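Participant: predicted model, plus sequence, below.
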There are 2 protein chains.
Amino acid sequence: MTNGMQDGAALKAAEQPTPERFFNALNAHQQTEAMKTAVELDVFTAIAEGNSSPATIARRCKAAERGVRILCDFLTIHGFLTKENGQYGLAPDAAAFLNRHSPAYLAGASEFMLTGRVRRGHELLTEAVRRGGTALGRGTLEPENPDWVEFARAMMPLMSYPAEVMATELRKGGEARKVLDIAAGHGMFGIAVAKQNPSAQVYAADWGNVLEVAEENGRTAGIAERHHLIPGDAFETEFGGGYDLVLITNFLHHFDIPTCTEFLRKVHAALVPGGRAAIVDLVPNADRISPPTAAAFSLMMLATTPTGDAFTLAEFEQIASDAGFARTEMTPAIVGLDRMIVAYHD
Amino acid sequence: MTNGMQDGAALKAAEQPTPERFFNALNAHQQTEAMKTAVELDVFTAIAEGNSSPATIARRCKAAERGVRILCDFLTIHGFLTKENGQYGLAPDAAAFLNRHSPAYLAGASEFMLTGRVRRGHELLTEAVRRGGTALGRGTLEPENPDWVEFARAMMPLMSYPAEVMATELRKGGEARKVLDIAAGHGMFGIAVAKQNPSAQVYAADWGNVLEVAEENGRTAGIAERHHLIPGDAFETEFGGGYDLVLITNFLHHFDIPTCTEFLRKVHAALVPGGRAAIVDLVPNADRISPPTAAAFSLMMLATTPTGDAFTLAEFEQIASDAGFARTEMTPAIVGLDRMIVAYHD
């Protein structure tokens, strides 16, 4: 994110150790706050509307010109804006995702990603490392945690393309007729499958408060009559049986391996012979340090859940195998930041 | 800092916009917390002592193996550790600056850089951008702010080399006899000048509580009898006169241009004909977006001071000229993250 190493002036010689990287890490919270502030003041939208000087942006955002100038310079340094002759423009990422007039606007995700619970969990990271799990009790796994409603709403615009990628990949393996969508959230994964499998009945499982979002999205997508809701704790709710496809999207990383194994046993039992479970998740490589976004996600789970983690392919294979699945396969599909692993019932 | 763009798997195609940079910015606070935690648990020292597996590091740091593994992977992703076959090592920066047994250890700076005041100022960044200055009243400029004592102690190991660079550069312009060291802090700048100018008497000005650190360092350096203290507010204290060199290190960025101009007038009046003022500070280029560390420093001043900023060379020239200095010159010296500008009395 920062370009500290390009700051040649700060180094005696390029190959010498420099404390700059350390200072940049300590100051990294500035990036969080600057982005949060820019979204709150709607700076990106202001610029998209043609305001390009500190003075005009400040007028549109009801802020001080000096404050806007410093904020916009910071956002330029970090690649979200361009600056030429003192005039700011949107960098491509910001134009696509941070301008309220863009169909892919997702800046609302900042509210989900920076809830008090997430921030507090990280402020208590030292305690989490000591314990080996969040210092916040059940953390984000609180029943009916309202943050997940926020999440479902915020992530929806981001998810429709990846959901389509997932559904297309799964469709290659045959048509689905009865689909269980675990931790459905916004419901977009199940909805994409419903759209590509015209006879499929989709059962969306999640906390009751979250399912309101999925239900709304199902109606908008015109699949309401094939979209059914199973509210409650995924570990306790009765799913019923006869499914030929179960979607497990961004769910397993909240738990430890024994819990995931137990859960996949329940999924296995709900599947018909020939059925498939599609695990969509962040999957770090075996080295656990690449690719960076997937690998770094473990820290989020450490800070905010009792035992969650980002699992490697080998771990997912072990979990599925121990749960009774005959074989697993990593698909080539790139589902947003996730990969998709298909576990075959038999 | 993060390598999000290298995460090819996350992109549909390299040239397409990706929300990953946005998510990385929102999550950047994780880098702050991870570094703070690593310093608190002394993870780098543990590794320097030969502990390389999560289990042995955990034992040394009195933490959970799982927590240590996830933290160390995160630190590896961000370039502070190396990892091979599940064993961690120190990257060069960490070996030099974050291992308690290293003479250049400066991890204590994390306490200064993350004081409650600094954190709170950034949490209130939206309000600071609205106002055009910190939402915290006088911010870090509170009289006798104890954070500066912390700062003076934490930065000392980092500053002895840059101070030497500065003193060497200034020595080229002639020997100094009476030196005023403004906002002396750890005192290292004045002490370095004293060492290179054997007849120089150095007057260190700062808040009384901070000067205790400078005094201690002067004693250690063996220049105590040539080191004099001027405690109090730099704007109100009487400096006396007859100085041929005034050091103004990392001070002016806390104020606005009129205040800096007024202050330099006071400095000009304290100088003898032929005297020099050496301004050592972060100096962004005229574009205000490069080099990144100097340019980004403006945000720190916005969040934590009423009117502070990082000034460009042109601004420093204007300030010095308006204050009565005959001419200014940017020296080639690289003083840590700072540059040095010399203003000539006449």
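Facilitator: Perfect, I can see it now. Residues are numbered from 1 along each chain as shown, chains lettered A, B, ... in the order given.
Participant: now for the longest strand belonging to chain A, which elements pack on it?
Facilitator: Using DSSP state E, we find that the single longest strand of chain A is strand A:271-281. Under the contact criterion of 3 or more C-beta pairs under 8 Å, 6 or more residues apart in numbering or on different chains; DSSP states H and E, strand A:271-281 touches helix A:147-171, strand A:243-249, helix A:257-270, helix A:313-322, strand A:338-344. (Each C-beta comes from the backbone N, C-alpha and C, glycine too.)
Participant: most tightly packed of these?
Facilitator: Counting by mean count of other C-beta atoms under 10 Å in any protein chain shown, strand A:243-249 has the highest mean neighbour count of these, with a mean of 25.
Participant: tell me the angle it makes with helix A:147-171.
Facilitator: 130 degrees (axes from the mean of the first three to the mean of the last three C-alpha atoms, to 10 degrees).
Participant: show me what strand A:243-249 is packed up against.
Facilitator: By 3+ C-beta pairs under 8 Å, 6+ apart, strand A:243-249 packs against helix A:147-171, strand A:178-182, helix A:188-196, helix A:257-270, strand A:271-281.
Participant: just the C-alpha atoms of it, please, in PDB.
Facilitator: Included here for strand A:243-249 are C-alpha records, laid out as PDB according to Å, rounded to 0.1, in the frame of the first residue of the first chain:
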ATOM      1  CA  TYR A 243     -29.800 -31.800  -1.800                       C
ATOM      2  CA  ASP A 244     -27.700 -32.300  -4.900                       C
ATOM      3  CA  LEU A 245     -25.700 -29.100  -4.200                       C
ATOM      4  CA  VAL A 246     -24.600 -27.400  -1.000                       C
ATOM      5  CA  LEU A 247     -22.900 -24.000  -1.100                       C
ATOM      6  CA  ILE A 248     -20.600 -23.200   1.800                       C
ATOM      7  CA  THR A 249     -19.400 -19.700   1.100                       C
END
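Participant: and it, what's its mean pLDDT?
Facilitator: Rounded to a whole number, the mean pLDDT of strand A:243-249 is 98.
Participant: coming back round to it: which among the helices and strands packed on strand A:243-249 is found nearest to residue B:237?
Facilitator: helix A:147-171 (52.1 Å; C-beta to C-beta).
Participant: now the closest one against strand A:178-182, angle please.
Facilitator: Between helix A:147-171 and strand A:178-182, the angle comes out at 140 degrees (the same axes, to 10 degrees).
Participant: distance from the chain centre to the longest strand of chain A, please.
Facilitator: When distances are taken as C-alpha atoms, centre = their mean, to the nearest Å, strand A:271-281 is centred 21 Å away from the chain's centroid.
Participant: and that strand with strand A:243-249, angle?
Facilitator: Our comparison of strand A:271-281 with strand A:243-249, counting by the same axes, to 10 degrees, yields an angle of 20 degrees.
Participant: as CSV, the helices and strands packed on strand A:243-249 with mean pLDDT and distance to residue A:22 would be great.
Facilitator: Putting the helices and strands packed on strand A:243-249 into CSV (pLDDT from 0 to 100; distance: least, C-beta to C-beta, whole Å) gives the following:
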stretch, mean pLDDT, distance to residue A:22
helix A:147-171, 88, 32
strand A:178-182, 98, 42
helix A:188-196, 97, 40
helix A:257-270, 98, 34
strand A:271-281, 98, 32
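Participant: for the stretch 151-300 of chain A, which residue gets nearest to chain B?
Facilitator: Closest approach between the stretch 151-300 of chain A and chain B, counting by C-beta to the nearest C-beta: residue A:291, at 4.1 Å.
Participant: quick revisit: tell me the strands beside the longest strand of chain A, with direction?
Facilitator: strand A:243-249 (parallel), strand A:338-344 (antiparallel) (DSSP bridges).
Participant: show residues contacting the first one.
Facilitator: Contacts of strand A:243-249 from elsewhere in the structure, counted by C-beta atoms under 8 Å, 6 or more residues apart in numbering or on different chains, are A:166, A:170, A:174, A:176-183, A:185, A:189-190, A:193, A:200, A:203, A:264, A:267, A:270-272, A:274-281, A:338.
Participant: what of stretch A:136-145?
Facilitator: Stretch A:136-145 is touched from outside by A:117-118, A:120-121, A:124, A:147-148, A:207-209, A:233, A:254, A:304-306, with contacts defined as C-beta under 8 Å, 6+ apart.
Participant: please repeat the previous calculation with a cut-off of 7 Å.
Facilitator: A:117, A:120-121, A:124, A:147, A:207-209, A:233, A:254, A:304-306 (C-beta atoms under 7 Å, 6 or more residues apart in numbering or on different chains).
Participant: on the three-state scheme, residue A:204 is what?
Facilitator: For residue A:204, the reduced secondary structure class is strand; criterion used: DSSP: H, G, I helix; E, B strand; the rest coil.
Participant: and the residue nearest to it when sequence neighbours are not counted, how many residues sit next to it?
Facilitator: Spatial nearest neighbour of residue A:204, excluding adjacent residues (C-beta to C-beta, 6 or more residues apart in numbering or on different chains): residue A:184 at 3.7 Å. Other residues within reach of residue A:184, judged by other C-beta atoms under 10 Å in any protein chain shown, total 32.
Participant: could you confirm residue A:184 falls within a helix?
Facilitator: No: under the criterion used here (three-state DSSP), residue A:184 is coil, not part of a helix.
Participant: wait, what's in contact with it?
Facilitator: Shown here is residue A:184, whose contacts under the criterion C-beta under 7 Å, 6+ apart are A:190, A:204, A:205, A:206, A:211, A:214.
Participant: buried subset of the contacts of strand A:243-249, written for ChimeraX?
Facilitator: Isolation of the buried members of the contacts of strand A:243-249 (16 or more other C-beta atoms under 10 Å in any protein chain shown) is achieved in ChimeraX through the command below:
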select /A:166,170,176,178,179,180,181,182,183,185,189,190,193,200,203,264,267,270,271,275,276,277,278,279,280,281,338
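Participant: burial measure for whichever residue of the stretch 101-250 of chain A sits closest to chain B, as a count.
Facilitator: At 2.9 Å from chain B, residue A:132 is the closest residue in the stretch 101-250 of chain A, using C-beta to the nearest C-beta. Other residues within reach of residue A:132, judged by other C-beta under 10 Å, total 18.
Participant: that one: what's it in contact with?
Facilitator: Contact partners of residue A:132, counting by C-beta under 7 Å, 6+ apart, are B:64, B:66, B:67.
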